[in-house]
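Chemist: For reference, the sequence and a predicted model appear below.
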Amino acid sequence: MNLYDIIFYIFAAITVVSGVITVTSKNIIYAAFSLLFTFFGVAGMYVLLGADFISIVQIIVYVGGILILLLFGVMLTNKVTSTDIKSGSVNVLPAVIGVALFAGALISIIIRTKWTETPGEIPLSTAGTLGSVLLNEYVIIFELLAVLLLIALIGAASIARRTKEETN
Amino acid sequence: MLHVGLHHFLVVSSILFSLGLYAIVTRKNAILVLMGVELVLNAANINFVAFARYGDFGASGQLNALFVIVLAAAEAAIALAIVINLYKHFSHVNIDEADNLKE
Amino acid sequence: MLTEFGKIFVFILLAVFFVLIAFFLAKLIRPSRPTREKLETYECGENPEGSPWVRFNLRFYVVALIFIIFDVEVVLLFPWALSYQDYGIYGFLVGIIFLLVLGLGMAYEWRKGDLEWARPKQIPPKLKKIKEELTEAVME
(Lines give C-alpha, C1' and ligand atoms only; values in the text may rest on other atoms or scores of the structure.)
Protein backbone atom coordinates (compact mmCIF):
# COMPACT_ATOMS: atom_id res chain seq x y z
CA MET A 1 0.00 0.00 0.00
CA ASN A 2 1.84 3.11 -1.14
CA LEU A 3 0.46 6.63 -1.57
CA TYR A 4 -0.90 5.88 -5.05
CA ASP A 5 -2.99 2.97 -3.78
CA ILE A 6 -4.35 4.92 -0.82
CA ILE A 7 -5.44 7.80 -3.07
CA PHE A 8 -7.01 5.33 -5.46
CA TYR A 9 -9.06 3.72 -2.71
CA ILE A 10 -10.18 7.13 -1.39
CA PHE A 11 -11.39 8.15 -4.84
CA ALA A 12 -12.99 4.78 -5.54
CA ALA A 13 -14.90 5.09 -2.27
CA ILE A 14 -16.00 8.69 -3.04
CA THR A 15 -17.12 7.71 -6.55
CA VAL A 16 -19.05 4.60 -5.58
CA VAL A 17 -20.69 5.96 -2.41
CA SER A 18 -21.84 9.19 -4.03
CA GLY A 19 -22.96 7.21 -7.07
CA VAL A 20 -25.14 5.05 -4.81
CA ILE A 21 -26.61 8.19 -3.20
CA THR A 22 -27.26 9.62 -6.68
CA VAL A 23 -29.30 6.64 -7.81
CA THR A 24 -31.18 6.06 -4.54
CA SER A 25 -31.87 9.54 -3.15
CA LYS A 26 -35.50 10.63 -3.22
CA ASN A 27 -34.64 14.32 -3.36
CA ILE A 28 -33.51 15.42 -6.82
CA ILE A 29 -31.29 18.20 -5.47
CA TYR A 30 -29.45 15.73 -3.21
CA ALA A 31 -29.02 13.40 -6.19
CA ALA A 32 -27.58 16.24 -8.27
CA PHE A 33 -25.12 17.26 -5.56
CA SER A 34 -23.91 13.73 -4.96
CA LEU A 35 -23.46 13.46 -8.72
CA LEU A 36 -21.03 16.36 -8.28
CA PHE A 37 -18.91 14.22 -5.96
CA THR A 38 -19.08 11.31 -8.40
CA PHE A 39 -17.72 13.54 -11.13
CA PHE A 40 -14.93 14.74 -8.85
CA GLY A 41 -14.08 11.15 -7.95
CA VAL A 42 -13.89 10.21 -11.62
CA ALA A 43 -11.68 13.25 -12.26
CA GLY A 44 -9.37 11.93 -9.51
CA MET A 45 -9.23 8.56 -11.28
CA TYR A 46 -8.15 10.31 -14.48
CA VAL A 47 -5.34 12.02 -12.58
CA LEU A 48 -4.21 8.68 -11.19
CA LEU A 49 -4.23 7.28 -14.72
CA GLY A 50 -1.95 10.07 -15.92
CA ALA A 51 -4.62 11.88 -17.94
CA ASP A 52 -4.34 15.40 -16.56
CA PHE A 53 -6.05 17.15 -19.48
CA ILE A 54 -9.04 14.79 -19.45
CA SER A 55 -9.37 15.29 -15.71
CA ILE A 56 -9.50 19.07 -16.02
CA VAL A 57 -11.95 18.77 -18.91
CA GLN A 58 -14.08 16.52 -16.75
CA ILE A 59 -14.26 19.20 -14.08
CA ILE A 60 -14.83 22.06 -16.55
CA VAL A 61 -17.45 20.36 -18.72
CA TYR A 62 -19.20 17.96 -16.36
CA VAL A 63 -19.18 19.90 -13.11
CA GLY A 64 -19.20 23.37 -14.61
CA GLY A 65 -21.54 22.66 -17.49
CA ILE A 66 -23.60 19.49 -17.55
CA LEU A 67 -24.40 19.47 -13.84
CA ILE A 68 -25.45 23.13 -13.98
CA LEU A 69 -27.64 22.30 -16.97
CA LEU A 70 -29.21 19.41 -15.02
CA LEU A 71 -29.90 21.70 -12.07
CA PHE A 72 -31.47 24.20 -14.47
CA GLY A 73 -33.62 21.36 -15.72
CA VAL A 74 -34.72 20.63 -12.14
CA MET A 75 -35.55 24.28 -11.56
CA LEU A 76 -37.43 24.57 -14.86
CA THR A 77 -39.60 21.49 -14.43
CA ASN A 78 -41.09 21.88 -10.98
CA LYS A 79 -44.26 23.55 -9.93
CA VAL A 80 -44.11 26.80 -8.04
CA THR A 81 -46.18 25.39 -5.21
CA SER A 82 -44.20 22.22 -4.53
CA THR A 83 -41.87 22.90 -1.64
CA ASP A 84 -39.93 19.63 -1.78
CA ILE A 85 -38.67 18.17 -5.01
CA LYS A 86 -39.13 14.43 -4.68
CA SER A 87 -39.23 11.59 -7.12
CA GLY A 88 -40.23 7.96 -6.72
CA SER A 89 -38.85 4.81 -8.24
CA VAL A 90 -40.50 1.97 -10.15
CA ASN A 91 -39.59 -1.73 -10.60
CA VAL A 92 -37.08 -1.53 -7.75
CA LEU A 93 -36.84 -5.22 -6.85
CA PRO A 94 -36.43 -6.70 -10.34
CA ALA A 95 -34.01 -3.91 -11.19
CA VAL A 96 -31.90 -4.59 -8.10
CA ILE A 97 -31.74 -8.31 -8.89
CA GLY A 98 -30.98 -7.79 -12.57
CA VAL A 99 -28.37 -5.09 -12.05
CA ALA A 100 -26.71 -7.02 -9.20
CA LEU A 101 -26.46 -10.14 -11.39
CA PHE A 102 -25.07 -8.05 -14.25
CA ALA A 103 -22.54 -6.28 -12.04
CA GLY A 104 -21.47 -9.55 -10.39
CA ALA A 105 -20.92 -11.23 -13.74
CA LEU A 106 -19.01 -8.24 -15.08
CA ILE A 107 -16.77 -7.91 -12.02
CA SER A 108 -16.01 -11.62 -11.79
CA ILE A 109 -15.07 -11.68 -15.48
CA ILE A 110 -12.83 -8.64 -15.00
CA ILE A 111 -11.07 -10.12 -11.97
CA ARG A 112 -10.53 -13.53 -13.56
CA THR A 113 -9.16 -12.26 -16.85
CA LYS A 114 -5.37 -12.12 -17.14
CA TRP A 115 -4.93 -8.60 -18.45
CA THR A 116 -1.68 -7.91 -20.24
CA GLU A 117 -0.49 -4.65 -18.77
CA THR A 118 2.17 -2.68 -20.62
CA PRO A 119 2.23 0.63 -18.79
CA GLY A 120 4.42 3.11 -20.62
CA GLU A 121 6.00 6.28 -19.38
CA ILE A 122 3.50 8.94 -18.35
CA PRO A 123 4.22 12.13 -20.29
CA LEU A 124 4.59 15.33 -18.33
CA SER A 125 1.65 16.93 -20.12
CA THR A 126 -0.87 15.15 -22.30
CA ALA A 127 -2.62 18.11 -23.94
CA GLY A 128 0.05 18.64 -26.62
CA THR A 129 0.17 14.92 -27.46
CA LEU A 130 -3.61 14.86 -27.73
CA GLY A 131 -3.44 17.83 -30.09
CA SER A 132 -0.96 16.19 -32.45
CA VAL A 133 -2.98 12.97 -32.57
CA LEU A 134 -6.12 15.07 -33.11
CA LEU A 135 -4.54 16.80 -36.11
CA ASN A 136 -3.01 13.59 -37.49
CA GLU A 137 -5.56 10.80 -37.27
CA TYR A 138 -8.77 12.41 -36.11
CA VAL A 139 -9.07 15.52 -38.29
CA ILE A 140 -12.37 14.43 -39.84
CA ILE A 141 -13.79 13.66 -36.40
CA PHE A 142 -12.59 17.05 -35.15
CA GLU A 143 -14.53 18.82 -37.90
CA LEU A 144 -17.52 16.54 -37.47
CA LEU A 145 -17.59 17.44 -33.77
CA ALA A 146 -17.95 21.07 -34.81
CA VAL A 147 -20.93 20.11 -36.97
CA LEU A 148 -22.36 18.04 -34.10
CA LEU A 149 -22.07 20.94 -31.68
CA LEU A 150 -23.67 23.25 -34.26
CA ILE A 151 -26.59 20.83 -34.67
CA ALA A 152 -26.94 20.47 -30.89
CA LEU A 153 -26.92 24.24 -30.41
CA ILE A 154 -29.50 24.96 -33.12
CA GLY A 155 -31.66 21.94 -32.29
CA ALA A 156 -31.82 22.49 -28.54
CA ALA A 157 -32.36 26.23 -28.91
CA SER A 158 -35.18 25.76 -31.40
CA ILE A 159 -36.86 23.07 -29.26
CA ALA A 160 -36.65 25.31 -26.19
CA ARG A 161 -37.81 28.35 -28.13
CA ARG A 162 -40.92 26.54 -29.34
CA THR A 163 -41.97 26.25 -25.71
CA LYS A 164 -41.24 29.90 -25.05
CA GLU A 165 -43.41 31.11 -27.92
CA GLU A 166 -46.34 29.05 -26.69
CA THR A 167 -46.12 30.38 -23.15
CA ASN A 168 -45.86 34.03 -24.14
CA MET B 1 -4.35 -7.91 -4.90
CA LEU B 2 -4.14 -4.65 -2.96
CA HIS B 3 -1.68 -3.15 -5.41
CA VAL B 4 -3.69 -1.04 -7.84
CA GLY B 5 -3.63 -2.25 -11.42
CA LEU B 6 -5.84 -2.16 -14.47
CA HIS B 7 -8.60 -4.35 -13.07
CA HIS B 8 -9.16 -2.06 -10.07
CA PHE B 9 -10.15 0.76 -12.41
CA LEU B 10 -12.27 -1.63 -14.48
CA VAL B 11 -14.11 -2.79 -11.34
CA VAL B 12 -14.89 0.78 -10.31
CA SER B 13 -16.10 1.59 -13.81
CA SER B 14 -18.33 -1.50 -13.93
CA ILE B 15 -19.86 -0.58 -10.55
CA LEU B 16 -20.52 2.92 -11.88
CA PHE B 17 -22.04 1.46 -15.06
CA SER B 18 -24.36 -0.78 -13.03
CA LEU B 19 -25.45 2.15 -10.87
CA GLY B 20 -26.23 4.18 -13.99
CA LEU B 21 -28.18 1.26 -15.44
CA TYR B 22 -30.14 0.98 -12.19
CA ALA B 23 -31.00 4.69 -12.34
CA ILE B 24 -32.13 4.41 -15.96
CA VAL B 25 -34.37 1.42 -15.20
CA THR B 26 -35.95 2.55 -11.93
CA ARG B 27 -36.14 6.33 -11.88
CA LYS B 28 -39.39 8.08 -12.73
CA ASN B 29 -38.13 11.62 -13.16
CA ALA B 30 -36.59 12.22 -16.58
CA ILE B 31 -33.77 14.33 -15.17
CA LEU B 32 -32.74 11.52 -12.82
CA VAL B 33 -32.72 9.14 -15.79
CA LEU B 34 -30.39 11.62 -17.51
CA MET B 35 -28.12 11.50 -14.46
CA GLY B 36 -28.01 7.71 -14.90
CA VAL B 37 -26.95 8.18 -18.52
CA GLU B 38 -24.16 10.50 -17.37
CA LEU B 39 -22.96 7.84 -14.92
CA VAL B 40 -22.85 5.25 -17.71
CA LEU B 41 -20.87 7.62 -19.95
CA ASN B 42 -18.43 8.29 -17.11
CA ALA B 43 -17.93 4.56 -16.61
CA ALA B 44 -17.15 4.16 -20.29
CA ASN B 45 -14.71 7.06 -20.04
CA ILE B 46 -12.84 5.47 -17.12
CA ASN B 47 -12.45 2.36 -19.26
CA PHE B 48 -11.08 4.36 -22.19
CA VAL B 49 -8.51 6.18 -20.07
CA ALA B 50 -7.54 3.05 -18.11
CA PHE B 51 -6.88 1.04 -21.25
CA ALA B 52 -4.97 3.98 -22.71
CA ARG B 53 -2.77 3.98 -19.60
CA TYR B 54 -2.16 0.24 -19.30
CA GLY B 55 -2.16 -0.64 -22.97
CA ASP B 56 0.06 0.43 -25.80
CA PHE B 57 -2.30 2.61 -27.79
CA GLY B 58 -0.72 6.04 -27.57
CA ALA B 59 -3.02 8.97 -26.94
CA SER B 60 -6.02 7.57 -28.87
CA GLY B 61 -7.78 6.31 -25.75
CA GLN B 62 -7.64 9.65 -24.02
CA LEU B 63 -8.79 11.40 -27.18
CA ASN B 64 -11.80 9.09 -27.39
CA ALA B 65 -12.61 9.96 -23.77
CA LEU B 66 -12.53 13.63 -24.82
CA PHE B 67 -14.96 12.88 -27.67
CA VAL B 68 -17.28 11.10 -25.24
CA ILE B 69 -17.30 14.16 -22.97
CA VAL B 70 -18.17 16.39 -25.94
CA LEU B 71 -20.97 14.01 -26.95
CA ALA B 72 -22.25 13.96 -23.38
CA ALA B 73 -22.49 17.75 -23.35
CA ALA B 74 -24.41 17.84 -26.64
CA GLU B 75 -26.66 15.02 -25.46
CA ALA B 76 -27.46 16.72 -22.14
CA ALA B 77 -28.34 19.96 -23.95
CA ILE B 78 -30.74 18.27 -26.38
CA ALA B 79 -32.25 15.95 -23.78
CA LEU B 80 -33.00 18.76 -21.36
CA ALA B 81 -34.69 20.76 -24.12
CA ILE B 82 -36.88 17.71 -24.77
CA VAL B 83 -37.57 17.34 -21.03
CA ILE B 84 -38.66 20.97 -20.84
CA ASN B 85 -41.07 20.39 -23.73
CA LEU B 86 -42.34 17.28 -21.94
CA TYR B 87 -43.02 19.41 -18.89
CA LYS B 88 -44.85 21.90 -21.08
CA HIS B 89 -47.17 19.17 -22.40
CA PHE B 90 -47.80 17.06 -19.31
CA SER B 91 -47.00 19.45 -16.41
CA HIS B 92 -44.72 16.75 -14.98
CA VAL B 93 -41.59 14.93 -16.13
CA ASN B 94 -42.41 11.39 -15.00
CA ILE B 95 -41.54 9.34 -18.04
CA ASP B 96 -43.57 6.32 -16.94
CA GLU B 97 -46.74 8.39 -17.19
CA ALA B 98 -45.84 10.17 -20.41
CA ASP B 99 -47.03 7.44 -22.77
CA ASN B 100 -49.02 9.47 -25.30
CA LEU B 101 -47.42 10.02 -28.66
CA LYS B 102 -50.17 12.43 -29.68
CA GLU B 103 -53.11 14.03 -27.95
CA MET C 1 4.22 6.27 -9.66
CA LEU C 2 2.55 9.67 -9.29
CA THR C 3 2.87 12.12 -12.13
CA GLU C 4 3.92 15.74 -11.64
CA PHE C 5 0.28 16.75 -11.88
CA GLY C 6 -0.54 14.01 -9.40
CA LYS C 7 1.74 15.61 -6.82
CA ILE C 8 -0.15 18.89 -7.13
CA PHE C 9 -3.29 16.85 -6.80
CA VAL C 10 -2.08 15.44 -3.49
CA PHE C 11 -1.65 19.00 -2.26
CA ILE C 12 -5.22 19.86 -3.34
CA LEU C 13 -6.46 16.80 -1.46
CA LEU C 14 -4.53 17.82 1.66
CA ALA C 15 -6.07 21.29 1.47
CA VAL C 16 -9.56 19.83 1.22
CA PHE C 17 -8.99 17.48 4.14
CA PHE C 18 -7.50 20.30 6.23
CA VAL C 19 -10.67 22.35 5.81
CA LEU C 20 -12.92 19.36 6.48
CA ILE C 21 -11.06 18.40 9.65
CA ALA C 22 -11.11 22.00 10.88
CA PHE C 23 -14.88 22.15 10.33
CA PHE C 24 -15.36 18.85 12.14
CA LEU C 25 -13.28 19.95 15.15
CA ALA C 26 -15.15 23.25 15.33
CA LYS C 27 -18.43 21.36 15.32
CA LEU C 28 -17.22 19.27 18.26
CA ILE C 29 -16.09 22.23 20.34
CA ARG C 30 -18.59 25.02 19.68
CA PRO C 31 -21.85 25.35 21.63
CA SER C 32 -25.03 24.76 19.65
CA ARG C 33 -28.16 26.66 20.70
CA PRO C 34 -30.32 27.02 17.59
CA THR C 35 -33.41 29.18 17.69
CA ARG C 36 -36.04 29.66 15.00
CA GLU C 37 -34.65 33.07 14.06
CA LYS C 38 -31.12 31.78 13.77
CA LEU C 39 -32.14 28.95 11.45
CA GLU C 40 -33.99 31.20 9.01
CA THR C 41 -32.50 31.79 5.57
CA TYR C 42 -30.43 34.94 5.55
CA GLU C 43 -31.90 37.31 3.00
CA CYS C 44 -30.00 40.54 3.65
CA GLY C 45 -31.90 41.17 6.85
CA GLU C 46 -35.35 40.92 5.28
CA ASN C 47 -37.83 38.29 6.39
CA PRO C 48 -37.82 35.55 3.74
CA GLU C 49 -41.08 35.25 1.84
CA GLY C 50 -42.33 32.19 -0.02
CA SER C 51 -40.45 29.13 -1.23
CA PRO C 52 -37.08 29.46 -2.96
CA TRP C 53 -38.03 26.58 -5.26
CA VAL C 54 -39.80 28.72 -7.83
CA ARG C 55 -39.82 27.87 -11.50
CA PHE C 56 -37.12 29.67 -13.42
CA ASN C 57 -37.65 31.63 -16.58
CA LEU C 58 -36.91 29.55 -19.66
CA ARG C 59 -34.47 32.13 -20.99
CA PHE C 60 -31.95 30.99 -18.38
CA TYR C 61 -31.92 27.59 -20.02
CA VAL C 62 -31.08 28.98 -23.45
CA VAL C 63 -28.21 30.99 -21.95
CA ALA C 64 -26.91 27.89 -20.14
CA LEU C 65 -27.20 25.91 -23.37
CA ILE C 66 -25.16 28.43 -25.36
CA PHE C 67 -22.62 28.48 -22.52
CA ILE C 68 -22.11 24.71 -22.46
CA ILE C 69 -21.76 24.39 -26.24
CA PHE C 70 -19.07 27.06 -26.39
CA ASP C 71 -17.45 25.66 -23.24
CA VAL C 72 -16.97 22.36 -25.04
CA GLU C 73 -15.70 24.22 -28.10
CA VAL C 74 -12.98 25.91 -26.04
CA VAL C 75 -12.01 22.55 -24.53
CA LEU C 76 -11.51 21.12 -28.02
CA LEU C 77 -9.51 24.17 -29.09
CA PHE C 78 -6.93 23.69 -26.31
CA PRO C 79 -5.13 20.64 -27.80
CA TRP C 80 -5.41 22.17 -31.26
CA ALA C 81 -3.82 25.43 -30.08
CA LEU C 82 -0.92 23.56 -28.48
CA SER C 83 0.08 21.70 -31.62
CA TYR C 84 -1.19 23.39 -34.79
CA GLN C 85 2.13 25.14 -35.38
CA ASP C 86 3.82 21.82 -36.17
CA TYR C 87 1.50 21.31 -39.13
CA GLY C 88 1.86 24.65 -40.88
CA ILE C 89 -1.02 26.15 -42.81
CA TYR C 90 -2.91 22.85 -42.79
CA GLY C 91 -3.20 22.76 -39.01
CA PHE C 92 -4.23 26.39 -38.96
CA LEU C 93 -6.98 25.83 -41.55
CA VAL C 94 -8.39 22.88 -39.61
CA GLY C 95 -8.93 25.08 -36.57
CA ILE C 96 -10.30 27.96 -38.63
CA ILE C 97 -12.91 25.69 -40.26
CA PHE C 98 -13.85 24.42 -36.79
CA LEU C 99 -14.28 27.97 -35.55
CA LEU C 100 -16.24 29.01 -38.64
CA VAL C 101 -18.73 26.17 -38.24
CA LEU C 102 -19.34 27.14 -34.63
CA GLY C 103 -19.44 30.81 -35.60
CA LEU C 104 -22.36 29.85 -37.83
CA GLY C 105 -24.19 28.64 -34.72
CA MET C 106 -23.34 31.88 -32.95
CA ALA C 107 -24.68 33.88 -35.90
CA TYR C 108 -27.89 31.82 -35.87
CA GLU C 109 -28.46 32.48 -32.18
CA TRP C 110 -27.72 36.16 -32.69
CA ARG C 111 -30.11 36.42 -35.65
CA LYS C 112 -32.86 34.60 -33.77
CA GLY C 113 -32.52 36.94 -30.81
CA ASP C 114 -31.59 34.34 -28.22
CA LEU C 115 -28.64 36.40 -27.09
CA GLU C 116 -30.84 39.37 -26.29
CA TRP C 117 -32.47 39.67 -22.95
CA ALA C 118 -35.86 41.23 -23.58
CA ARG C 119 -36.25 44.04 -21.09
CA PRO C 120 -39.28 46.14 -20.30
CA LYS C 121 -39.28 49.19 -22.52
CA GLN C 122 -37.62 52.12 -20.86
CA ILE C 123 -39.38 55.44 -20.99
CA PRO C 124 -36.76 58.19 -21.17
CA PRO C 125 -37.58 61.22 -19.05
CA LYS C 126 -38.67 64.14 -21.17
CA LEU C 127 -35.93 66.62 -20.53
CA LYS C 128 -37.40 69.35 -22.72
CA LYS C 129 -40.62 69.57 -20.73
CA ILE C 130 -38.80 69.71 -17.41
CA LYS C 131 -36.55 72.41 -18.80
CA GLU C 132 -39.57 74.49 -19.89
CA GLU C 133 -41.16 74.13 -16.49
CA LEU C 134 -37.95 75.16 -14.80
CA THR C 135 -37.50 78.21 -16.98
CA GLU C 136 -41.10 79.21 -16.30
CA ALA C 137 -40.51 78.86 -12.59
CA VAL C 138 -37.37 80.97 -12.81
CA MET C 139 -39.16 83.67 -14.85
CA GLU C 140 -41.90 83.93 -12.27
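Modeler: That came through, no problem. Numbering: from 1, shown residues only, chains lettered A, B, ... in the order given.
Chemist: any low-confidence regions in the chain?
Modeler: With no chain named, the answer covers chain A. A:1, A:79-86, A:163-168 (pLDDT under 70).
Chemist: sorry, should have said chain B
Modeler: Residue ranges of chain B with pLDDT under 70: B:1-2, B:102-103.
Chemist: any idea how far the residue of it found nearest chain C is from residue A:35?
Modeler: Residue nearest to chain C within chain B: residue B:73 (4.6 Å; Cβ to the nearest Cβ). For every residue, glycine as well, the C-beta is placed using N, CA and C. To residue A:35, residue B:73 is 15 Å away according to Cβ to Cβ, to the nearest Å.
Chemist: same deal with residue C:42?
Modeler: Taking Cβ to Cβ, one finds residue C:42 at 27 Å from residue A:35.
Chemist: Those two: which has the busier surroundings?
Modeler: residue A:35 (29 against 8; other Cβ atoms under 10 Å in any protein chain shown).
Chemist: tell me which element the nearest residue to the more buried one once chain neighbours are set aside is part of?
Modeler: Distance criterion Cβ to Cβ, 6 or more residues apart in numbering or on different chains; nearest residue to residue A:35, sequence neighbours excluded, is residue A:22 at 4.8 Å. Assigned by DSSP states H and E, residue A:22 belongs to helix A:3-24.
Chemist: distance between that helix and the chain's centre?
Modeler: How far helix A:3-24 lies from its chain's middle: 14 Å, per Cα atoms, centre = their mean, to the nearest Å.
Chemist: Could you list every helix and strand that it packs against?
Modeler: Judged by 3 or more Cβ pairs under 8 Å, 6 or more residues apart in numbering or on different chains; DSSP states H and E, helix A:3-24 is in contact with helix A:28-48, helix B:6-26, helix B:30-54, helix C:4-29.
Chemist: Report the inter-axis angle for the third one versus helix A:28-48.
Modeler: Using axes from the mean of the first three to the mean of the last three Cα atoms, to 10 degrees, one finds that helix B:30-54 and helix A:28-48 are set 10 degrees apart in direction.
Chemist: what about helix B:30-54 and chain A, any contact?
Modeler: Yes: using Cβ under 8 Å from any Cβ of the partner chain, we find that helix B:30-54 touches chain A at B:30-32, B:34-36, B:38-39, B:42, B:45-46, B:49-50, B:52-54.
Chemist: just the buried members of those?
Modeler: Listed as buried from the residues of helix B:30-54 next to chain A are B:30-32, B:34-36, B:38-39, B:42, B:45-46, B:49-50, B:52-54; burial here means 16 or more other Cβ atoms under 10 Å in any protein chain shown.
Chemist: Give me the contacts around stretch C:9-20.
Modeler: Stretch C:9-20 is contacted from outside by A:3, A:7, A:10, A:44, A:47, C:2, using Cβ atoms under 8 Å, 6 or more residues apart in numbering or on different chains.
Chemist: Quick check: closest non-adjacent residue to the residue of chain B closest to chain C.
Modeler: Counting by Cβ to Cβ, 6+ apart, the residue nearest residue B:73 is residue C:72, at 4.6 Å.
Chemist: picking that back up, please name whichever of the helices and strands packed on helix A:3-24 is nearest to residue B:91.
Modeler: Among the helices and strands packed on helix A:3-24, helix B:30-54 comes nearest to residue B:91, with 13.2 Å by Cβ to Cβ.
Chemist: tell me which residues in the helix or strand following the closest one are buried?
Modeler: With elements assigned by DSSP H and E, the helix or strand that comes after helix B:30-54 is helix B:60-90. Going by neighbour count (16+ other Cβ under 10 Å), the buried part of helix B:60-90 is B:60-81, B:83-84, B:86-88.
Chemist: how far away is residue C:57 from residue C:22?
Modeler: 39 Å.
Chemist: now the angle between helix A:3-24 and whichever helix or strand residue A:102 is part of, please.
Modeler: Element membership of residue A:102, judged by DSSP H and E, is helix A:92-112. Relative orientation of helix A:92-112 versus helix A:3-24 (the same axes, to 10 degrees): 160 degrees.
Chemist: what separates the helix or strand following helix A:92-112 from the chain centre, distance-wise?
Modeler: Scanning forward in sequence from helix A:92-112 by DSSP H and E, the next helix or strand is helix A:127-136. From the chain centre to the centre of helix A:127-136 is a distance of 23 Å (Cα atoms, centre = their mean).
Chemist: Over to stretch B:80-91?
Modeler: 21 Å.
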